[in-house]
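**Student:** quick one: sequence and predicted model below, then my questions.
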Amino acid sequence: MAPPTLAQKDKKLFADLLSQYENRQLTKGRKTADQILKKYPEHGETMCMKGLILVHLGQRDEGINLVKEGMRKDLSSHICWHVWALIQKSEHKYEDALKSYIQALKFDKDNFNILRDTAVLQTQTRQFEGLVETRHNLLRLRPYNRHHWVGLAVAYQLNGNLAEAKQVLEYTEGFLRNVGSYDVEFSELLMYHIRILEDMGDFQSAVDMLESHDRTKGGSVLDRMAGTEVKARLLAKLKESNADDEQKTAWTERADAAWRWLLSQNADGYEYYKGFLANQGIDLANVTDENREKALEMLRGYFNVQFATAPHRLALHVATGQEFKDLIKPYLTNALTKGIPSLFADLKPLYRDPAKRQIIEDTVEEFRSTLAIPSPSTGDSVEPTTHLWALYLLAQHHSYLGRHKQALEILDVAIAHTPTLPELYMTRARALKRAGDPHGAARAMNDARLLDGQDRFINTKTGKYLLRAGMVTEADTIFSKFTRGGASAAVDLEEMQAMHYLVEQGDSYRRAGKLNLALKKYYVIQKVFESFREDQYEFHQYSVRKTILNVYTEMLKWEDNVRSHPGFIHAAVATVQIWVALYDDATLGPKTTASDVSSKKAINKAKKAARKGQPEADGANSKKDDDPEGLKLVLAEDPLERADKYLTGLSELVPQNMDICFAIYDVAIRRKKYLQAVRMLTRAHSLDSEHPDLHSRIAHLRNTVSSLPEPIPAPVGPVLAESIASLLPAEVSLELFNSQYLQKHSSSPMAIVAHAKVAQILKAPQDEVGSILFTALKEPVQLDHEAAFAVLSYLKEMKSPRAEEFRIACNDRFELSTLFRSDEEIAALRRSFTESGESPADGEALETVI
């Protein structure tokens, strides 16, 4: 049935309806729609427009139903498809919205608004081939708007057609010659054009274009610093091309002049020094004995630049032996005299060289002994703070090297010298954390906080350490001091996308066995990264309009790789491990049945408990959560499918990450995706063939496949067998494979754990597996508290009766650690923290209302 045709008067009314929606006169638009529908109740376009208005007025379900009904009435209307696309876009269903826009273009191919939105969505979904066509259509409709020319050039670049992008830019610049003397957008367009030439490998043309538009010569490139950086980079690439020696010499001299000018503007630019030295054939990352003296000579040329520390610091990186000794002493003297708290962080990269590390230790120890006993024979007066900062640096040094007792002893002396310096207590907290005492670390960090209650950084660190100690309530109290209007930390920090809080709290819940709450936090992290993807939407049109193209294209690359962030990887691996554990043992979840959770009573009870523990801020407009305790999440019936969905695409995004390989394997082997499982182990084997977790999983894969009731048929079966044989030859038994691995890594505690896991796979008696794990306490095993805790965790996981015996042995062995205290002792430590008068509620804090 054909849709009804509106009379001329009603067409005017419908045009008013469209105008009212665009001007956000929603109430008036609703009345106009009702007026049309009263006369034409079957008019699909009006029904869709009314539905769209209802969605904006908060009546979402009713509005969407009305839109669907209107589309059924008129499937050939571009307005109906446009409305449906707008609703899908508002739900962040960009792929579906794009399909609706394309459908709308079939009925109105020259609709500018639809074409513009289509181009944005094609960029958002990375459908660059279609983007080129859409940009062509936009340019055809409005050829005199330079933004559409720029948009077409960007589309060509994103689609990989740099030659076409170059042609479009050349044509665009041709009719933009009469620009003002200070046109920022034109300057950015020129820099973008130069970047295209560089990506094409046409370095000479890029240099010529840059010099022809040099600001000092009356050109249009306004950012001289950026232009000079690009010029120096391009000249370096020209030197690598096949050119004669005379040309290379000329390019070297021009590049040298560019780098020297940049250093004259910023003598602390590390990248400038790197380029300056590279121009002379010196790679700062791989300095050789042949070019070491030349590098030092070039750096010494900037020693006298006032306030510049970069050349001095880079000289420490380059120098060795006696030269390093001669340079490090004045460097340390200057920093300790000034009292620079970040000195150790500055020196830490030098610790990769054991000789330099020892020289630093000897030099600081010399300072310590000299400053501790002032000599009356010399007239030089030394500030007491110099001695203090020397102690501070030395404590950090010993703590970093695992000498926790020495570090704590030095910190005791420093605190007795100056008990009001927060940095000393923070370093004490870090030393205790490394020694395996999260509770003592939290107390020390809180001591630092009490000295400066208004410092957000120290408060944040205190909250982080409290979470690591399992004191979630106390941590939330700390974080809440700086939330808006006194809102709870959970509400405000989730909204602020505070990754440090979300990761640490998820880990804290996981250690406490509250897997439902841990999953809840880890999924919040996933939502944070989804919002990063959604946030780029507004920039696709804005960046082209404002001609900020180089930054925009870099942003797109960053967005494509944003999920490789360590925070997301950590959350993904932890989430998958929880889902796998729940799949293997459903009793790990809360003692609640799925029917109880789905009942209204259980949901309301969970909501009430969540509100009690996490009160909402005044006026908070957060969405209602129908599963505040994560009970529905943890009791999901498809844990492996959820885990697989979380991991989608990560194997290609971070192919060098062992944890991702193992996580994908753990899911794939349980889903009987054997080829995917062996592919992940093969990749892990190429990264680290001796990894303990790889050893146990190879044995697990061989045992799982060989235990199948029937062989896997071709073509999968032969490929799988060949792949497994490449990891573990068929003639080598699992028993021999396991014993050889332990012999090869007899001093590694984690290798012992892997050996025990394989023994358990081979159905060894529990006593035998326990005895294997107890060998970690013997010589020559290099057991630290982290590895010992991993052994203890596995003993508990296998429900070994000797777990308590191992805990007591470790408690005696690691005196500084509290990881091996009994549950009663740990509970007492937490109580003592809150009862000692040093609770997080003490101290002044600056409450900020944003």
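**Tutor:** Noted; the coordinates are in hand. None of these values were measured; they are calculated from a predicted model. Residues are numbered from 1 along each chain as shown.

**Student:** hang on, residue 139 packs against residue 147?
**Tutor:** No - using CB atoms under 8 Å, residue 139 is not in contact with residue 147; the gap is 9.8 Å. (Each C-beta comes from the backbone N, C-alpha and C, glycine too.)

**Student:** all helices of the stretch 651-800 of the chain, in order?
**Tutor:** With DSSP state H, counting those that start in this stretch, the ranges of helices along the stretch 651-800 of the chain come out as 658-670, 674-687, 692-706, 716-727, 734-744, 749-761, 766-774, 785-797.

**Student:** now mean pLDDT and distance to residue 176 too, for those helices, in CSV please.
**Tutor:** CSV is the format used below for those (pLDDT from 0 to 100; distance: least, CB to CB, whole Å):
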stretch, mean pLDDT, distance to residue 176
helix 658-670, 95, 48
helix 674-687, 95, 50
helix 692-706, 96, 59
helix 716-727, 94, 58
helix 734-744, 96, 68
helix 749-761, 96, 63
helix 766-774, 95, 73
helix 785-797, 95, 62
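
**Student:** mind putting those helices into JSON lines with distance to residue 396 and mean neighbour count?
**Tutor:** Formatted as JSON lines, those follow (distance: least, CB to CB, whole Å; neighbours: other CB atoms under 10 Å):
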{"stretch": "helix 658-670", "distance to residue 396": "29", "mean neighbour count": "23"}
{"stretch": "helix 674-687", "distance to residue 396": "32", "mean neighbour count": "19"}
{"stretch": "helix 692-706", "distance to residue 396": "31", "mean neighbour count": "20"}
{"stretch": "helix 716-727", "distance to residue 396": "43", "mean neighbour count": "15"}
{"stretch": "helix 734-744", "distance to residue 396": "36", "mean neighbour count": "15"}
{"stretch": "helix 749-761", "distance to residue 396": "27", "mean neighbour count": "23"}
{"stretch": "helix 766-774", "distance to residue 396": "35", "mean neighbour count": "17"}
{"stretch": "helix 785-797", "distance to residue 396": "20", "mean neighbour count": "18"}
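
**Student:** now these as CSV including distance to residue 186?
**Tutor:** Formatted as CSV, those follow (distance: least, CB to CB, whole Å):
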stretch, distance to residue 186
helix 658-670, 45
helix 674-687, 48
helix 692-706, 56
helix 716-727, 57
helix 734-744, 65
helix 749-761, 60
helix 766-774, 70
helix 785-797, 58
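
**Student:** relative to residue 367, which of the ones you listed is closest?
**Tutor:** For the helices of the stretch 651-800 of the chain, the distance to residue 367 is smallest for helix 785-797, at 31.4 Å, taking CB to CB.

**Student:** show me what that closest one is packed up against.
**Tutor:** helix 749-761, helix 766-774, helix 803-813 (3 or more CB pairs under 8 Å, 6 or more residues apart in numbering; DSSP states H and E).

**Student:** same list, those helices, but as a markdown table with distance to residue 427 please.
**Tutor:** A markdown table is the format used below for the helices and strands packed on helix 785-797 (distance: least, CB to CB, whole Å):
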| stretch | distance to residue 427 |
| --- | --- |
| helix 749-761 | 28 |
| helix 766-774 | 35 |
| helix 803-813 | 25 |
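
**Student:** quick one: which of those helices is nearest residue 285?
**Tutor:** helix 749-761 (30.7 Å).

**Student:** mind checking how far the closest one is from the chain centre?
**Tutor:** Centroid displacement of helix 749-761 relative to its chain, using CA atoms, centre = their mean, to the nearest Å, is 32 Å.

**Student:** mind starting the numbering at 13 from now?
**Tutor:** Got it, the first residue is 13 from now on, which makes the last one we talked about helix 761-773.

**Student:** what comes into contact with that helix?
**Tutor:** Residues outside helix 761-773 that contact it (CB atoms under 8 Å, 6 or more residues apart in numbering) are 704-705, 707-708, 711-712, 715, 746, 749-750, 753-754, 756-757, 780-781, 784-785, 787-788, 793-796, 799-800, 802-803, 806, 810.

**Student:** cool, stretch 107-119 as well?
**Tutor:** Taking CB under 8 Å, 6+ apart as the rule, stretch 107-119 contacts 88-91, 93-94, 96-98, 100-101, 123, 126-127, 129-130, 133-134, 137, 139.

**Student:** from these, which land in helices?
**Tutor:** 90-91, 93-94, 96-98, 100-101, 126-127, 129-130, 133-134 (DSSP state H).

**Student:** just flag the most distant two among the residues you listed.
**Tutor:** Going by CB to CB, the pair spanning the ones in helices among the contacts of stretch 107-119 furthest: 91 and 134, at 21.0 Å.
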